[in-house]
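**Q** sequence-free structure coming up:
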């Protein structure tokens, strides 16, 4: 419940900023229990000018365990496609490190992450990445830290910070191979 409130606060902040500029905002809610279809839905919404606003995984009343994504766009006469999205989902953090770095090499940047029970993949960590089609791709280096012990995470964060990595996201969830883990994603350009 706390995570849903946090996600709604982020959407409220974005909406408040848009309204402060006297712009109406349109929203699109995407929800699925299959991560394989979510990337397609994200990019279809992006083709209509929508941009990622927030993500949360969890149990919904009627859909069961779902990933819920909120997308938004200013309400204007003509919305143009600008962004494209990549969704990474895995229950192995070592696989996620490889995949997120490949996306960073291709110019994608971090948007958000969550953990939830998928229909076919089991408990998965999901990361959403975005690339601006109008800008020249900028390579980003990502570092994924995953551990069961918060004291170990503190040490790893301190080392990564010394190397110039900045924090972008954290989840706590159960992965198939490591059990309950704290998963932190860091980035440097």
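**A** Structure received. Bear in mind that the values here come from a model prediction, so they are computed numbers and not experimental data. Numbering: from 1, shown residues only.
**Q** Relative to the strand or helix carrying residue 127, what are the paired strands and their orientations?
**A** Using DSSP states H and E, residue 127 falls within strand 122-132. According to DSSP bridges, strand 122-132 forms sheet pairs with strand 83-90 (antiparallel), strand 109-118 (antiparallel).
**Q** Mind picking out the helix or strand in this structure with the poorest mean pLDDT?
**A** helix 2-20 (a mean of 48; mean pLDDT, DSSP states H and E).
**Q** Can you spell out which helices and strands pack onto the very next helix or strand once past that one?
**A** Per DSSP H and E, the first helix or strand lying C-terminal to helix 2-20 is strand 25-32. On a contact count with 3 or more CB pairs under 8 Å, 6 or more residues apart in numbering; DSSP states H and E, strand 25-32 meets helix 2-20, helix 35-47, strand 64-74. Backbone N, C-alpha and C define where each C-beta goes, glycine included.
**Q** Of all the residues in strand 25-32, which ones are buried?
**A** 25, 28, 30, 32 (16 or more other CB atoms under 10 Å).
**Q** in its sheet, what does that strand sit against?
**A** strand 64-74 (antiparallel).
**Q** about what we covered before: nearest to residue 85 among the buried residues of strand 25-32?
**A** residue 30 (10.6 Å; CB to CB).
**Q** So the closest one sits against residue 43, correct?
**A** No - with contact defined as CB atoms under 8 Å, residue 30 does not count as touching residue 43 (10.8 Å).
**Q** show me what contacts residue 41?
**A** 30, 32, 69 (CB atoms under 8 Å, 6 or more residues apart in numbering).
**Q** tell me the pLDDT at the residue nearest the centre of the chain?
**A** The residue lying closest to the centre of the chain (CA atoms, centre = their mean) is residue 112, at 2.3 Å. Note on residue 112: pLDDT of 94.
**Q** thinking it is in contact with residue 55, fair?
**A** Yes - in this structure, residue 112 is within contact of residue 55 by CB under 8 Å, at 4.3 Å.
**Q** anything in contact with each of those two?
**A** The contact lists of residue 112 and residue 55 share residue 128, where a contact means CB under 8 Å, 6+ apart.
**Q** Residue 98 belongs to a helix, doesn't it?
**A** Yes - per DSSP: H, G, I helix; E, B strand; the rest coil, residue 98 lies within a helix segment.
**Q** before we move on, the earlier item: format the strands paired with strand 122-132 as TSV; extra columns: distance to residue 97.
**A** Shown next, in TSV, are the strands paired with strand 122-132 (distance: least, CB to CB, whole Å):
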stretch	distance to residue 97
strand 83-90	10
strand 109-118	13
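**Q** So which of these is nearest residue 49?
**A** It is, among those and with distance given as CB to CB, strand 83-90, at 9.1 Å.
**Q** Next one: the nearest residue to residue 84 once chain neighbours are set aside relative to residue 167, how far apart?
**A** Residue nearest to residue 84 in three dimensions, not counting chain neighbours: residue 131, with 5.2 Å by CB to CB, 6 or more residues apart in numbering. Going from residue 131 to residue 167 by CB to CB, to the nearest Å gives 21 Å.
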